[in-house]
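Enquirer: Coordinates only, no sequence provided:
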């Protein structure tokens, strides 16, 4: 089995630049995290763009969808900002033969306390185990696309019908 | 969905005692890791025993199996030392109606560089997504029980038929 | 011996807010770092303001100087943004009977890889050991005020006469 | 200024080997910690031996003393196990022209929560700032040799006359 990892930016990849005393979306953190976790699973990294998810527009979502459609790997893990992750997940439904899992983080992977490392594990566990479909892996939970939303006040994902 | 988490010891829970200048199996690390990762999934923690996996014997394995059989939750995550994790996984096969995923770590969860946090995510992703059966989630890979072994020289898990 | 710790903001106290997808100066990190390092030295924390050091103006520097002058403790550790730390240090020279050490960080204390924790140790070691005067403790080095500058291209402090 | 760093083992350098499920004193952690803290101060590393401090005997202490005496650098930082650090400090008193600071850690440097990084900063700050003499830098405090002991019940260093 081989997995495709598509990165699109978001908090998970945020770094801090002292020069500008500002943050920016940096290099994908996935290779670093996978190395530290001794991941032996083969994967292909595709860094599609680097955006905050609030800046992701219809054209960006089409690019993600096309990347999924043309992916030779059937199993695809996508890192994505959290604010519109649920929307992108829904946009990706209906691609035949593909298992797609989106994840991200509420705190940058470079922090000492972060959900990024756990979430990447959660998503990699789900993408290997689920059948065809689109899923969001956040807060320790594997949600189906269309049945999940981000609760911004509480800063966590929950079932959309709760 | 609710998950049962059974802990049995192993490297993942190793702590360091300055008094004895030694490492020992400590409190289960799962609640701490789940809290940091903002896991919202409900779970029941059952700390069965605290052993290095080389010390786990037939009687211990029977206790783990019984704990799985009587678990009201159908989805069970087990933390376990790595040396005999593959053996315990095989011992647990054949329990109807249960999805069981074993995981652990090559470096203690309390280390700055550790696979523990990622592996717990991986296992939690798999246990929610797999059907009935027993699995080992290590090195970024979800293996089926009976088809995995630990390569001790290289310090990683691999398919048993490689 | 008792030390006064005056905090003024800067990168060392930067936190990340998912809501705004931005970094901001947060709570002083000193109590957290001192607790993890099992610091038994008594200290009084005075959180003066929370600013990026590029925003610190003449009035702010006067407030810091007055806080030093009225401090009942003779030994004072100041956390400060790095960009104008050398300027503030020079501004504080000439207060009789006080040993003042400024420190900060190039990466936020909440990062996994950061100089913040080491720098706070460095500054606390220097402030206990130096006689009257003002010093900058950065990059593993205790500089005298007036003889240090930040090299912004290389992102480190160096002797001003190099 | 240039500092000599002499390493002798102890908890600070403890690593964990999964192969043997045991701990051992590993490579000196100093170069790694100094690099992460962007230490620009020049230093010479001398790895003298790797022992738990309870195993350090009279002959070992003589070796440390000789290493200090022949050191071309006047400022010497020693990493040492905590259990007999106070004894070694006293053994090293009386070397003319040298400033010697001993430090170590209650939790290994490789842990996520550790005093090792802070303590190395504390010791480096003190060794640059103190005059001739021997000191112990632990628990955020720079003690004079002969006036400090380890309180083993509470796991911290305190003034010997308290």
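Expert: The structure has been received and is ready for your questions. It should be emphasised that the depicted structure is a prediction, and the values quoted were computed from it without experimental measurement. Numbering: from 1, shown residues only, chains lettered A, B, ... in the order given.
Enquirer: From now on I want contacts and neighbour counts done on CA atoms only, so please keep to that.
Expert: OK.
Enquirer: Okay, residue A:83 and residue A:104: tell me how far apart.
Expert: Separation of residue A:83 from residue A:104 (C-alpha to C-alpha, to the nearest Å): 10 Å.
Enquirer: And the longest helix along chain A, what does it pack against?
Expert: Secondary structure of chain A read by DSSP state H shows that its longest helix is helix A:116-129. On a contact count with 3 or more C-alpha pairs under 8 Å, 6 or more residues apart in numbering or on different chains; DSSP states H and E, helix A:116-129 meets strand A:75-79, strand A:99-103, strand A:133-138, strand A:141-144, helix B:116-129, strand B:141-144.
Enquirer: Can I get these in TSV including mean pLDDT and mean neighbour count?
Expert: As requested, those are arranged in TSV below (pLDDT from 0 to 100; neighbours: other C-alpha atoms under 10 Å in any protein chain shown):
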stretch	mean pLDDT	mean neighbour count
strand A:75-79	98	27
strand A:99-103	98	28
strand A:133-138	98	27
strand A:141-144	98	23
helix B:116-129	98	31
strand B:141-144	98	23
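Enquirer: hey, what's the residue most central in space within chain A bridged with?
Expert: Nearest to the mean C-alpha position of chain A, by C-alpha atoms, centre = their mean, lies residue A:79 at 2.2 Å. Beta bridges link residue A:79 to residue A:7, residue A:103 when assigned by DSSP bridges.
Enquirer: Let me know whether it touches residue A:8 as I believe.
Expert: Yes: counting by C-alpha atoms under 8 Å, residue A:8 is a contact partner of residue A:79 at 6.1 Å.
Enquirer: ok, back up a step: can you say which of the helices and strands packed on helix A:116-129 is nearest to residue D:125?
Expert: helix B:116-129 (34.6 Å; C-alpha to C-alpha).
Enquirer: For chain C, see how far away residue A:36 is.
Expert: 13 Å (C-alpha to the nearest C-alpha, to the nearest Å).
Enquirer: swap in residue A:131?
Expert: 32 Å.
Enquirer: Is that residue in a helix, a strand, or coil?
Expert: Under DSSP: H, G, I helix; E, B strand; the rest coil, residue A:131 falls in the coil class.
Enquirer: Tell me the pLDDT of it.
Expert: Predicted confidence (pLDDT) at residue A:131: the value is 97.
Enquirer: How about it, nearest residue that isn't a chain neighbour?
Expert: residue A:99 (6.0 Å; C-alpha to C-alpha, 6 or more residues apart in numbering or on different chains).
Enquirer: Would you agree that neighbour is in contact with residue A:126?
Expert: No: the criterion here is C-alpha under 8 Å, and residue A:99 misses it with residue A:126 at 9.2 Å.
Enquirer: Next, the contact list for the residue of chain A found nearest chain D, please.
Expert: Residue of chain A nearest chain D, by C-alpha to the nearest C-alpha: residue A:112 (8.0 Å). Neighbouring residues of residue A:112 by C-alpha atoms under 8 Å, 6 or more residues apart in numbering or on different chains: C:110-113.
Enquirer: Just the pLDDT for it.
Expert: Taking residue A:112 on its own, its pLDDT is 87.
Enquirer: can you list the residues of chain A near chain B?
Expert: A:34, A:36-41, A:113-126, A:128-130, A:137-142, A:156 (C-alpha under 8 Å from any C-alpha of the partner chain).
Enquirer: residue ranges for the strands of chain A, please.
Expert: Under the criterion DSSP state E, chain A contains strands at A:2-7, A:14-17, A:22-25, A:42-47, A:75-79, A:99-103, A:133-138, A:141-144, A:148-151, A:156-159.
Enquirer: could I get those as JSON lines with distance to residue D:25?
Expert: Converted to JSON lines, these look like this (distance: least, C-alpha to C-alpha, whole Å):
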{"stretch": "strand A:2-7", "distance to residue D:25": "38"}
{"stretch": "strand A:14-17", "distance to residue D:25": "34"}
{"stretch": "strand A:22-25", "distance to residue D:25": "39"}
{"stretch": "strand A:42-47", "distance to residue D:25": "34"}
{"stretch": "strand A:75-79", "distance to residue D:25": "39"}
{"stretch": "strand A:99-103", "distance to residue D:25": "39"}
{"stretch": "strand A:133-138", "distance to residue D:25": "39"}
{"stretch": "strand A:141-144", "distance to residue D:25": "40"}
{"stretch": "strand A:148-151", "distance to residue D:25": "47"}
{"stretch": "strand A:156-159", "distance to residue D:25": "42"}
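Enquirer: Please identify which of those is closest to residue A:55.
Expert: Across these, closest to residue A:55 is strand A:22-25 (C-alpha to C-alpha), at 12.3 Å.
Enquirer: any idea which helix or strand of chain A has the worst average confidence?
Expert: Ranking every helix and strand in chain A by mean pLDDT, DSSP states H and E puts strand A:22-25 at the bottom, with a mean of 66.
Enquirer: and residue A:159, what are its bridge partners?
Expert: Counting by DSSP bridges, residue A:159 is bridged to residue A:148.
Enquirer: In contact with it, which residues?
Expert: A:143, A:147-149.
Enquirer: Could you measure from it over to chain B?
Expert: 11 Å.
Enquirer: Give me the distance between that residue and residue A:87.
Expert: Taking C-alpha to C-alpha, one finds residue A:159 at 14 Å from residue A:87.
Enquirer: just for chain A, where's the confidence low?
Expert: Residues of chain A meeting the criterion pLDDT under 70: A:17-23, A:162.
Enquirer: The same query, at a cut-off of 90, please.
Expert: For chain A, applying pLDDT under 90 flags the ranges A:11, A:14-28, A:52-53, A:107-113, A:152-155, A:161-162.
Enquirer: Which residues are in contact with the closest residue to residue A:37 other than its chain neighbours?
Expert: Excluding the flanking residues, the one nearest residue A:37 by C-alpha to C-alpha, 6+ apart is residue B:115, at 4.1 Å. Applying C-alpha under 8 Å, 6+ apart to residue B:115 gives the contacts A:36-38, B:105-107, B:109.
Enquirer: Generate TSV for those residues, with neighbour count and distance to residue B:49 as supplementary columns.
Expert: Below are the contacts of residue B:115 laid out as TSV (neighbours: other C-alpha atoms under 10 Å in any protein chain shown; distance: C-alpha to C-alpha, whole Å):
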residue	neighbour count	distance to residue B:49
A:36	16	28
A:37	24	25
A:38	20	27
B:105	26	17
B:106	26	19
B:107	23	19
B:109	26	18
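Enquirer: Spatially, which two of those residues are the most separated?
Expert: Spatially, the most separated pair among the contacts of residue B:115 is A:38 and B:109, at 14.0 Å (C-alpha to C-alpha).
Enquirer: Next, the contact list for residue A:119, please.
Expert: A:103-105, A:137-140, B:37, B:118, B:121.
Enquirer: Buried residues, stretch A:40-50. List them.
Expert: Neighbour counts over stretch A:40-50 (16 or more other C-alpha atoms under 10 Å in any protein chain shown) mark A:41, A:43, A:48-50 as buried.
Enquirer: Show residues contacting it.
Expert: Residues from elsewhere that reach stretch A:40-50 (C-alpha under 8 Å, 6+ apart): A:1-10, A:25-26, A:28, A:64, B:139-141.
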